[in-house]
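Visitor: Based on what follows, work out the 3D shape:
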Amino acid sequence: MSIPREAVVRAYKAGVEAVASLLDYANIIMEDQKKRILELESVIELQKQYINSLENRLALDSHNSSKPPSTDAFGKTGKDKEASRGRKKKGSGKKVGGQKGHIGTTLRMVDNPDEIIPHRVVECEYCGCSLEHTEAIDHERRQVFDLPPKKYIVIEHQGEVKECPRCGEVNRAEFPEDVKSPVQYGARAKAAAVYLTNYQLLPYERTGELFDDLYSLPICQATLVNTNYACADLLEQEEKARKEELISSPVVHFDESGFKVEGNRQWLHSTGTEELTFYGFHRRRGTVAMDEINILPRFQGRAIHDHWKPYFNYSCKHGLCNAHHLRELTFVVELYEQKWAEKMIDFLLETKEMVGKARSHTDCLDEKTLMKRRAKYNRILREGMRANPSPADEPDQPKRRGRKKQSKPKNLLDRLTDHKNEVLAFMYDFTVPFDNNLGERDIRMLKVQQKISGAFRSVKGASSFCRIRGYISTANKNHANALDALEKVFLGKSIFPQDYSLAEENAERSPPT
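Guide: Next up is the predicted model:
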């Protein structure tokens, strides 16, 4: 039996349509799979970035980042890894211990001891002959440096009261300006209290115990607090003069760090030179705080800092901390194994050494040397840029606003490129330091205070501490005895801005070494 032609055609068309529908369905599935694959690849890429960020964070320690040494974990540190890779720090070639020409600190005898205890020879140890009435032919001397027994002294001021025989009026003698109460602590005792709480960073309770144990002079915590407040009030004008001197300085170091006041996060801002230190704190870290502290808005010298961007909002010249750059470059060497970073480390250290040698006989490098160093710097940057190209736009992805996320090496390269003059400022001007270590040293002890006490309980306490600590730091930088400098504050004779004679006084009073 034959099949009609129309039936065959209908069956054929039905088959073709079925195949077409199957192909369409397969294409839909493939498109869905492609989209899914793209989505999974995107997720995997994000996971890779997240894993890398976690690994990078774990790899950070004090030798390749700005983290303090106290945060380094136990075990094998980055410094050990650096040494194992052959990047050991170059030694000075000097032997361990004191160097030739070093002034030692061994105790030496004084000519006029405070007390002499004689030890007599009463008989001959060989024949037993009595020697009580025999004159000594020599004396063997041995001196013991010790602390005096615990005691305090009470000084009574007696003011005369006289009646005038002519008019009958009663006249009273004037007491010294610092003697205001019938009973009070003296300037030295107050200075010691401020010294222990603000310089040695003892808590109030332990400071009171120390006074009682060493001097049998108990001081309550409230008195210690009020003494600190009084010292800070007396230093108000001195601090203003110190700020003005800093503003007129040619090179000043700046740094900032977080700390807590009344349980809230605040920012401590330090400003310093080789002779001066100022501390201020603010609820903000950036431009708002710097404007209110009012040093940078008026400063026209060169500001040394660690590239915190708000610093660049001010019209002064800038210099960047190369110690930070060395640590970040070390991170790139260890985590990314990029040769350009190792070359940049060597370049910066070589230039630093070159400047150090030239400083002994000149105040600048010659123009030819500067051109060669600058050309080498640029060559290293170009090599780094080739190893870290800018991130390209991803296909089939919507464009996002803002800067594209870059790797740490690329961010560092951009900074070294955009701020060449600030990075190499120490090479052009020998008054510019290689790093901002002075600023970090100035701020370090205030961080130690936070570790001891945790936080300041009041704004007034934090303000007083910053003012007093800035004064003590200034005294130390000028080789003045900190305790003597604080005593002068209570006597109305603070050492700044004109009196640095305490350094000479301290040298005369100190026992020979």
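
Visitor: Give me the spatial nearest neighbour of Gly286, chain neighbours excluded.
Guide: Pro310 (4.0 Å; C-beta to C-beta, 6 or more residues apart in numbering). For every residue, glycine as well, the C-beta is placed using N, CA and C.

Visitor: for Lys339, same thing?
Guide: Glu383 (7.4 Å).

Visitor: The one you found: neighbour count?
Guide: When counting by other C-beta atoms under 10 Å, one arrives at 17 neighbours for Glu383.

Visitor: so it makes contact with Ala341?
Guide: No - with contacts counted by C-beta atoms under 8 Å, Glu383 stays clear of Ala341, the gap being 9.7 Å.

Visitor: ok so, going back, mind pulling up the pLDDT for the residue nearest to Gly286?
Guide: pLDDT for Pro310: 95.

Visitor: what sits against it?
Guide: Going by C-beta atoms under 8 Å, 6 or more residues apart in numbering, Pro310 touches 285-287, 290.

Visitor: Mark out where each domain of the chain begins and ends.
Guide: 187-199+225-319+443-513, 322-389+406-435 (automatic domain parsing).

Visitor: returning to that earlier point: show me which of the contacts of Pro310 are buried.
Guide: Buried members of the contacts of Pro310, scored by 16 or more other C-beta atoms under 10 Å, are 285, 290.

Visitor: quick one: low-confidence ranges for the protein?
Guide: 1-2, 8, 65-93, 97-98, 102-104, 392-403, 496-513 (pLDDT under 70).

Visitor: now the strands for it?
Guide: 161-163, 170-172, 251-261, 264-272, 277-282, 302-305, 317-320 (DSSP state E).

Visitor: Let me have those in JSON lines, extended by mean neighbour count and distance to Lys34.
Guide: Putting these into JSON lines (neighbours: other C-beta atoms under 10 Å; distance: least, C-beta to C-beta, whole Å) gives the following:
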{"stretch": "strand 161-163", "mean neighbour count": "9", "distance to Lys34": "106"}
{"stretch": "strand 170-172", "mean neighbour count": "9", "distance to Lys34": "102"}
{"stretch": "strand 251-261", "mean neighbour count": "20", "distance to Lys34": "48"}
{"stretch": "strand 264-272", "mean neighbour count": "20", "distance to Lys34": "48"}
{"stretch": "strand 277-282", "mean neighbour count": "23", "distance to Lys34": "54"}
{"stretch": "strand 302-305", "mean neighbour count": "24", "distance to Lys34": "50"}
{"stretch": "strand 317-320", "mean neighbour count": "22", "distance to Lys34": "48"}
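
Visitor: Output the domains of the chain in TSV, with distance to Ile137 appended to each entry.
Guide: Shown next, in TSV, are these (distance: least, C-beta to C-beta, whole Å):
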stretch	distance to Ile137
domain 187-199+225-319+443-513	28
domain 322-389+406-435	55
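
Visitor: Of all the ones you listed, which one is nearest Ser181?
Guide: domain 187-199+225-319+443-513 (12.4 Å; C-beta to C-beta).

Visitor: Spatially central residue for this structure, please.
Guide: Nearest to the mean C-alpha position of the chain, counting by C-alpha atoms, centre = their mean, stands Glu440 at 2.1 Å.

Visitor: So for that residue, what's the nearest residue that isn't a sequence neighbour?
Guide: Looking at Glu440 with C-beta to C-beta, 6+ apart, the closest residue is Asp255, at 5.9 Å.

Visitor: how far away is that neighbour from Phe426?
Guide: Distance, Asp255 to Phe426, using C-beta to C-beta, to the nearest Å: 17 Å.

Visitor: which strand residues sit across from Phe456 in the sheet?
Guide: Beta-bridge partners recorded for Phe456 (DSSP bridges): Val261.

Visitor: Distance from the top helix by length along the chain to the middle of the chain?
Guide: Scanning the chain for the helix with the most residues, using DSSP state H, yields helix 5-59. Offset of helix 5-59 from its chain centre (C-alpha atoms, centre = their mean, to the nearest Å): 57 Å.

Visitor: Now do the contacts for Met354.
Guide: Met354 neighbours (C-beta under 8 Å, 6+ apart): 365, 369, 373.

Visitor: returning to what we had before: my guess is the residue nearest to the centre of the chain meets Glu256, correct?
Guide: No - using C-beta under 8 Å, Glu440 makes no contact with Glu256, being 10.8 Å away.

Visitor: mind listing the helices for the stretch 201-350 of the chain?
Guide: Remark: helices assigned in the stretch 201-350 of the chain by DSSP state H, counting those that start in this stretch are 204-215, 221-234, 236-247, 287-293, 322-336, 339-358.

Visitor: Can you tell me which of those helices is most buried?
Guide: Burial of the helices of the stretch 201-350 of the chain is given as mean neighbour count (mean count of other C-beta atoms under 10 Å); helix 322-336 ranks first at a mean of 20.

Visitor: Next, the distance between the ends of stretch 158-169.
Guide: 20 Å (C-alpha to C-alpha, to the nearest Å).

Visitor: Looks like the residue nearest to Glu440 contacts Arg441 (just checking).
Guide: No - here Asp255 lies out of contact with Arg441, judged by C-beta under 8 Å, at a distance of 9.3 Å.
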